[in-house]
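S.K.: My questions are about this predicted structure, shown below with the sequence.
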Amino acid sequence: MSARIAYRNARIWDGVADDYLGVGSVAVEDGHIVAVDENTDGDDVRDMSGLTLVPGLIDAHVHMTLDPGLRTPEEQLAVTDEEVWRGMVERAEGMVRAGITTARDLGGGKWLEIDLRDRIDAGELTGPRLLCAGQPVTSVGGHCHFWGGEADDPDTARGVIDRQLEHGVDLIKIMATGGMFTKGSSPRKAQFDADSTSAIVRHARESGLDVAAHCHGTEGIAHAASAGVATIEHCSWIGDDGRRSGYDPEVAAEISRRGIWVSPTINAGWSRFTRGDGKFEELVKGIFARMRAAGVRLVASTDAGIPNVRHQDLAKALPVFARFAGLTTVEVLRSATSDCANALGLREVTGRIAENHAADMVFVEGDPLTDLGVLESPVMVLARGRKVKGE
Ligand SMILES: [Zn+2]
């Protein structure tokens with residue numbers, strides 16, 4: 001029998017409700033929440049008076065192998081596996097101690113992040129629960145081709161997907177458009193035609209895997225939406241002029257109708273766009289207002305690992321995300337907890353302070369439902385019941 005630990009007298013936000021449940025207690029046993037009530041008992045009782053409990057945060061888009069201190073893919077690729085591994089271990093620990101108890105890794109070249117996932121799952125390393133995509137499916141010479149997932153047609157793409165399956169991935173990533181990160185690829189242009197995109201997504205789904213689609217340009221967004229991916233990453237609506245001029249209400253309606261989640265990767269660094277003449281901010285806010293009016297659902301994500309985007313900074317990103325996307329404080333908190341869990345297929349696993357969910361729990365001082373800043377310095381963090389920060 002493992003010990004039942006009761007965390008008492010905390011103000012609880014369950015990850016879903018518009019307001020706090022009130023002051024109460026949570027019992028944890030075997031890594032899971034086994035009771036949420038007024039005054040539950042345990043073999044060990046901790047008094048959490050004065051603290052607020054929220055679910056562990058979830059980042060829907062990170063790259064564990066990437067060092068945010070490096071500027072180019074060439075520099076990233078020059079890092080030895082040993083150094084990558086050391087960096088990943090540090091980043092994983094930094095993330096979970098910052099309250100990020102789950103993250104979805106959307107691409108690497110050598111499946112090192114899958115070894116990291118497994119060693120964290122085994123309790124050998126400290127870090128968030130990871131879902132990993134392995135090598136993204138991309139066109140020949142396309143976005144992040146250097147990670148090894150090139151395919152020139154649906155047949156070769158099936159081979160790429162099957163190789164990811166052999167390495168034990170949790171989902172498939174497809175580069176539906178080019179990206180900023182890769183010379184010679186165009187963020188505006190689709191990398192596969194609509195039929196190929198659908199065939200690739202169908203093969204992944206028939207293999208039991210969800211698909212996350214990297215999409216900047218509108219054409220690629222449209223392909224991904226009609227192919228029925230689980231999440232659309234970035235969703236930048238890049239039009240023919242190379243700017244964010246390509247918003248298409250019909251595509252947005254399809255995203256909404258199919259229940260596809262959009263993961264806009266707005267990180268803390270976006271606060272730089274709030275300075276200056278304000279035009280970019282107004283443009284982005286306008287697009288988000290239209291997406292939300294169309295019923296498109298959003299999850300929090302940072303693309304951590306790209307230059308200057310640190311893995312532990314999801315909490316810092318949330319106020320910026322809320323500002324651009326026009327979300328209330330509680331809405332943006334849901335986007336990083338229960339909604340994000342739903343988008344990642346983890347509805348029954350994490351994202352809530354509720355019975356039978358993992359004990360992914362963050363205790364903070366202050367009032368996170370009115371001040372997101374308090375999430376930047378958690379007092380105590382439990383990841384699957386294990387204390388990774390705090391007394
Ligand atoms: Zn990414």
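M.R.: Sure thing, it's come through.
S.K.: C-alpha only now, for contacts and for neighbours.
M.R.: Fine.
S.K.: So which helix or strand of this structure has the lowest pLDDT on average?
M.R.: Ranking every helix and strand in the chain by mean pLDDT, DSSP states H and E puts helix 73-77 at the bottom, with a mean of 94.
S.K.: next SSE after that helix?
M.R.: Downstream of helix 73-77, the next assigned helix or strand under DSSP states H and E is helix 81-97.
S.K.: Let me see the residues that make contact with that next one.
M.R.: 64-67, 101, 112-113, 116, 125-128, 311-313, 381, 383, 388-389 (C-alpha atoms under 8 Å, 6 or more residues apart in numbering).
S.K.: if we can go back for a sec, what about the least confident helix or strand of the chain, distance to the chain center?
M.R.: Relative to its chain's centre, helix 73-77 lies at 23 Å (C-alpha atoms, centre = their mean, to the nearest Å).
S.K.: ditto for stretch 200-219
M.R.: Worked out by C-alpha atoms, centre = their mean, stretch 200-219 lies 16 Å from the chain centre.
S.K.: What are the buried residues along that stretch?
M.R.: Buried residues in stretch 200-219, counted by 16 or more other C-alpha atoms under 10 Å: 200-205, 209-219.
S.K.: measure that stretch end to end?
M.R.: Stretch 200-219 has an end-to-end distance of 16 Å (C-alpha to C-alpha, to the nearest Å).
S.K.: Do a quick rundown of the strands in the stretch 201-350 of the chain.
M.R.: 210-217, 231-238, 261-263, 297-298 (DSSP state E, counting those that start in this stretch).
S.K.: What is the burial count for Asp43?
M.R.: 10 (other C-alpha atoms under 10 Å).
S.K.: which ones are touching the closest residue to it other than its chain neighbours?
M.R.: Nearest non-adjacent residue to Asp43, counting by C-alpha to C-alpha, 6 or more residues apart in numbering: Arg4, 5.3 Å away. Applying C-alpha under 8 Å, 6+ apart to Arg4 gives the contacts 27-30, 42-44.
S.K.: Can you tell me which of the residues you listed are buried?
M.R.: Buried among those (16+ other C-alpha under 10 Å): 27-30, 42.
S.K.: Format those residues as a markdown table; extra columns: secondary structure.
M.R.: Below are these laid out as a markdown table (DSSP: H, G, I helix; E, B strand; the rest coil):
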| residue | secondary structure |
| --- | --- |
| Ala27 | strand |
| Val28 | strand |
| Glu29 | strand |
| Asp30 | coil |
| Gly42 | coil |
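S.K.: How about the contacts made by the residue lying farthest from the centre of the chain?
M.R.: Distance from the C-alpha centroid of the chain, by C-alpha atoms, centre = their mean, peaks at Asp43 (35.1 Å). Residues in contact with Asp43, defined by C-alpha under 8 Å, 6+ apart, are 3-6.
S.K.: From Val28, how far out is it?
M.R.: In terms of C-alpha to C-alpha, Asp43 sits 10 Å off from Val28.
S.K.: Mind listing the shared neighbours of the two?
M.R.: By C-alpha under 8 Å, 6+ apart, the residues touching both Asp43 and Val28 are 4-6.
S.K.: Could you tell me which of the residues you listed belong to strands?
M.R.: 5-6 (DSSP state E).
S.K.: for the shared contacts of Asp43 and Val28, which one is nearest Asp19?
M.R.: For the shared contacts of Asp43 and Val28, the closest approach to Asp19 (C-alpha to C-alpha) belongs to Ala6, at 22.4 Å.
S.K.: Could you pull up the residues touching the closest residue to the closest one other than its chain neighbours?
M.R.: Spatial nearest neighbour of Ala6, chain neighbours left out: Ala27 (4.3 Å); criterion: C-alpha to C-alpha, 6+ apart. Counting by C-alpha under 8 Å, 6+ apart, Ala27 touches 4-7, 33-36, 40-42.
S.K.: let's go with 6 Å and repeat that
M.R.: 5-6, 33-35 (C-alpha atoms under 6 Å, 6 or more residues apart in numbering).
S.K.: try Ala383
M.R.: 101, 360.
S.K.: Could you look up the SS state of the residue nearest to Val36 when sequence neighbours are not counted?
M.R.: Closest residue to Val36 apart from its sequence neighbours, by C-alpha to C-alpha, 6+ apart: Val26 at 4.5 Å. Classification of Val26 using three-state DSSP returns strand.
S.K.: Tabulate the buried ones among the contacts of Arg4 (TSV), appending pLDDT.
M.R.: Formatted as TSV, the buried ones among the contacts of Arg4 follow (pLDDT from 0 to 100):
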residue	pLDDT
Ala27	98
Val28	98
Glu29	97
Asp30	97
Gly42	92
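S.K.: Can you lay out those as a markdown table showing distance to Phe363?
M.R.: Below are the buried ones among the contacts of Arg4 laid out as a markdown table (distance: C-alpha to C-alpha, whole Å):
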| residue | distance to Phe363 |
| --- | --- |
| Ala27 | 14 |
| Val28 | 14 |
| Glu29 | 18 |
| Asp30 | 19 |
| Gly42 | 19 |
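S.K.: Now the two most distant members of the residues you listed.
M.R.: Checking these with C-alpha to C-alpha, the most distant pair is Asp30 and Gly42, at 12.7 Å.
S.K.: ok so, going back, switch the strands of the stretch 201-350 of the chain over to JSON lines; also include distance to Val96 and mean pLDDT.
M.R.: Shown next, in JSON lines, are those (distance: least, C-alpha to C-alpha, whole Å; pLDDT from 0 to 100):
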{"stretch": "strand 210-217", "distance to Val96": "23", "mean pLDDT": "98"}
{"stretch": "strand 231-238", "distance to Val96": "23", "mean pLDDT": "98"}
{"stretch": "strand 261-263", "distance to Val96": "21", "mean pLDDT": "98"}
{"stretch": "strand 297-298", "distance to Val96": "22", "mean pLDDT": "98"}
